[in-house]
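Q: I'll drop the sequence and a predicted model, then ask my questions.
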Amino acid sequence: MAKPTPVASAEEAAALRRRLRRLVAAVAAGSADAEAFDEAAEALAKLRDAELGPRKDRAVAGCGGVNKGGTEAAAVPEQFLCPISSEIMRDPVVLASGQEKEKVCILSFSYNWTYDRRFIQEWLSAGNRTCPQTQQVLSNTILIPNHLVRSMILQWCTDNGITLPPVENQEEDLVTNNERKTFSKIFERIASSSNLSEQREAIKDLRLLTKCNSSLRAAIGEKPDSISQMISTVSNPELENNAEVLEDMVTTVLNLSIHESNKKIIGDDSLAIPFLIRALQSGTMEARSNAAAAIFSLSALNSNKAKIGELGAMRPLVDLLEHGSMIAKKDAASAIFNLCMLHENKSRATKSGVIDVTLKAIADDSLVDESLAILALLSGDHETVEEIGETGGMASMLRVIKEDQCKRNKENAVAVLFAVCMYDRTKLREVAEDENLNGSLAWLAQNGTSRARRKAAGILDKMKRAVHHTHYSC
């Protein structure tokens, strides 16, 4: 099978991935509306076409689903079809490509290919260790559920009256005795050895095994206190001051957090979150990036959102968003966005300086999508709205509305603009002056997303009322 030839520039593909990153954060946090799912599906389709070239949609025939209405089969969006079976996916999973990558990606679109679990599992069980699409040798065979695609497939099936057969029970997380023994041996080397070199090697082994073996991640979940004991061992000054050991342990926690049942176990552990926060503050850039990614993963649970915020993670996350590498900044942005889904964390983010950092990022055309998503999420908080109005944020939002080509960015910008104008009516004058020159809001009220149209129309209506009031009060 020949490797597909990309048909778009790296910049275009990167822009689509950034768009998906913001959308998937909303989906994972449970805050996405139907329009967000539709836009995510559209973005996925565009990314696939951009990298592989367009292919015609196929009908539902052969998907194993039932069309309740008995009408002509609907055309299945290409991104919902398994590349191996050409059938609609019932249990989509992501498979790492042959690109060597240490961090297990939390966001599903960071992987190159999505497959139906039963077909890719058959491929791997047959002894194949290459990607079916690219023929690249796989660095690992880890399969992670693609919740974004699964949600969109279920929504599409509901909209089209199609019922998919239930997914068979999976056994990928059943823990074998061999895996329990493997974990016990590594854990004993970490917790009991008096040889620092042996402990360092054991921690590295655990990092690699939790990266590649989902069942081993489940095995650790069977002994919740093992996480505290491992972190306590690493807290030995001779180990904690070793940058490589800290990096290995942080990445191990990240890998463990991917397993759904481990999120609560790690969140409930009294040492785990403080350990990640310390790594955020003083680790290497990779350790800080992976700590942010782990916090993003753990914050899928509201109970963890509260603990992470209360324990002081927001300030080091904002610092990483401002000063980190590009990968670290993206991890920090994802974590901040997820944490701010909880109301109490919005004030913490604002007090930690996130408004200034995100506005600077937008002004520098860096992390624009992520920064706008954070600002829009925070715009329901009065402290945030006040600071945006006082720090020149209005001009930045107006520039995005006029110049940015991404509809969702325009939507987030006008949502922020609307919130500021509703809170501080004096800002309407600044917006009105720009509108008289450019007519950007009038255009958006006709051509934006449904939410963008509502917000733009609301601002325009507010401006008309202000003019009317001024006219009759003279």
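A: That came through fine. Numbering: from 1, shown residues only.
Q: figure out how far stretch 177-191 is from the centre of its chain.
A: Put simply, stretch 177-191 sits 32 Å off its chain's centre (Cα atoms, centre = their mean, to the nearest Å).
Q: ok, and what's touching it?
A: Stretch 177-191 has contacts (Cβ atoms under 8 Å, 6 or more residues apart in numbering) with 198-199, 201-203, 205-206, 209, 213, 215-216, 219-220, 222-223, 226, 229-230, 233. (Glycine included, C-beta is placed from N, CA and C.)
Q: take these and keep only those in strands.
A: With strands taken from DSSP state E, there is no overlap with the contacts of stretch 177-191.
Q: drop anything exposed from these.
A: Among those, those classed as buried by 16 or more other Cβ atoms under 10 Å are 199, 201-203, 205-206, 209, 213, 215-216, 219-220, 226, 230, 233.
Q: closest to residue 309 out of the residues you listed?
A: When these are compared for distance to residue 309 (Cβ to Cβ), residue 230 wins out at 24.5 Å.
Q: got a list of what that closest one touches?
A: For residue 230, the contact set (Cβ under 8 Å, 6+ apart) comprises 187, 190-191, 203, 206, 249, 252.
Q: among those, show me the least confident.
A: Lowest pLDDT within the contacts of residue 230 is found at residue 191 (83).
Q: so that residue lies in a strand, does it not?
A: No: Residue 191 sits outside any strand when classified using DSSP: H, G, I helix; E, B strand; the rest coil, being helix.
Q: looking at it, residue 295 is touching residue 317, isn't it?
A: Yes: applying Cβ atoms under 8 Å as the test, residue 295 and residue 317 come out as touching, 7.2 Å apart.
Q: now a ChimeraX select for only the buried ones of the contacts of residue 230.
A: The ChimeraX selection below is limited to those of the contacts of residue 230 classed as buried (16+ other Cβ under 10 Å):
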select :187,190,203,206,249,252
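Q: helices - which of the contacts of residue 230 land there?
A: Secondary structure from DSSP state H places 187, 190-191, 203, 206, 249, 252 of these in helices.
Q: before we move on, back to that, now do the shared contacts for residue 295 and residue 317.
A: By Cβ under 8 Å, 6+ apart, the residues touching both residue 295 and residue 317 are 280, 335, 339.
Q: ok, of these, which come out buried?
A: 280, 335, 339.
Q: what about the spatially closest residue to the last one that is not a sequence neighbour, which helix or strand?
A: Setting aside the residues directly before and after it, residue 339 is nearest to residue 345 in space (Cβ to Cβ, 6 or more residues apart in numbering), at 4.6 Å. When elements are assigned from DSSP states H and E, residue 345 belongs to helix 343-351.
Q: what packs against that helix?
A: helix 302-310, helix 314-323, helix 326-339, helix 368-378, helix 382-390 (3 or more Cβ pairs under 8 Å, 6 or more residues apart in numbering; DSSP states H and E).
Q: now the ones you listed as JSON lines including mean pLDDT and distance to residue 90?
A: Output for these, formatted as JSON lines (pLDDT from 0 to 100; distance: least, Cβ to Cβ, whole Å):
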{"stretch": "helix 302-310", "mean pLDDT": "96", "distance to residue 90": "29"}
{"stretch": "helix 314-323", "mean pLDDT": "98", "distance to residue 90": "36"}
{"stretch": "helix 326-339", "mean pLDDT": "94", "distance to residue 90": "27"}
{"stretch": "helix 368-378", "mean pLDDT": "94", "distance to residue 90": "30"}
{"stretch": "helix 382-390", "mean pLDDT": "88", "distance to residue 90": "42"}
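Q: ok, which of the ones you listed comes nearest residue 20?
A: Proximity to residue 20 (Cβ to Cβ) singles out helix 368-378 among these, at 9.5 Å.
Q: could you export the contacts of residue 230 as JSON lines, including distance to residue 354?
A: Formatted as JSON lines, the contacts of residue 230 follow (distance: Cβ to Cβ, whole Å):
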{"residue": "187", "distance to residue 354": "38"}
{"residue": "190", "distance to residue 354": "36"}
{"residue": "191", "distance to residue 354": "38"}
{"residue": "203", "distance to residue 354": "33"}
{"residue": "206", "distance to residue 354": "34"}
{"residue": "249", "distance to residue 354": "28"}
{"residue": "252", "distance to residue 354": "28"}
